[in-house]
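Enquirer: got a predicted model here, sequence first, then my questions.
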Amino acid sequence: MNPKLSARVLVALSIVYGLTIGLLSILDIAQATMTTFMIVGAVVLGGLWVVRGLFTGRG
């Protein structure tokens, strides 16, 4: 996967994740479930951004 495509995929995943959190908040879904989803999602997305940064560099 080339660097531009991986950046686009991660930006799209980040947007979808943010919209999902917003929707869950608006619908007032069970707070324990939402908290777990938020923590796991943030860790996974953050990890993916870090891995992308390590393997693509700045070049």
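Expert: Happy to help now that I have it. As the structure is a prediction and not an experimental result, all values here were calculated from the model.
Enquirer: show the pLDDT at residue 51.
Expert: As predicted, residue 51 sits at a pLDDT of 90.
Enquirer: repeat for residue 59
Expert: On the pLDDT scale, residue 59 is placed at 54.
Enquirer: residue 48 too?
Expert: What the model reports as pLDDT for residue 48 is 91.
Enquirer: start at 238 instead
Expert: Yep, numbering from 238; the last one is residue 285 now.
Enquirer: correct me if wrong: it contacts residue 249.
Expert: No: the pair formed by residue 285 and residue 249 falls short of the contact definition of CB atoms under 8 Å, at 11.7 Å. Glycine gets a C-beta too; all of them are placed from N, C-alpha and C.
Enquirer: compare these two (neighbour count), which wins?
Expert: Shown here are residue 285 and residue 249; by other CB atoms under 10 Å, residue 285 has more neighbours (15 against 10).
Enquirer: quick one: low-confidence parts of this protein?
Expert: Scanning the chain for pLDDT under 70 picks out the ranges 267, 295-296.
Enquirer: any chance you could map the helices in the protein?
Expert: Ranges of helices within the chain are 240-264, 268-293, based on DSSP state H.
Enquirer: buried ones in the last one?
Expert: The neighbour-count criterion (16 or more other CB atoms under 10 Å) identifies 271, 278, 282, 286 as the buried residues of helix 268-293.
Enquirer: and the angle for it with helix 240-264?
Expert: Angle of helix 268-293 versus helix 240-264, following axes from the mean of the first three to the mean of the last three CA atoms, to 10 degrees, is 170 degrees.
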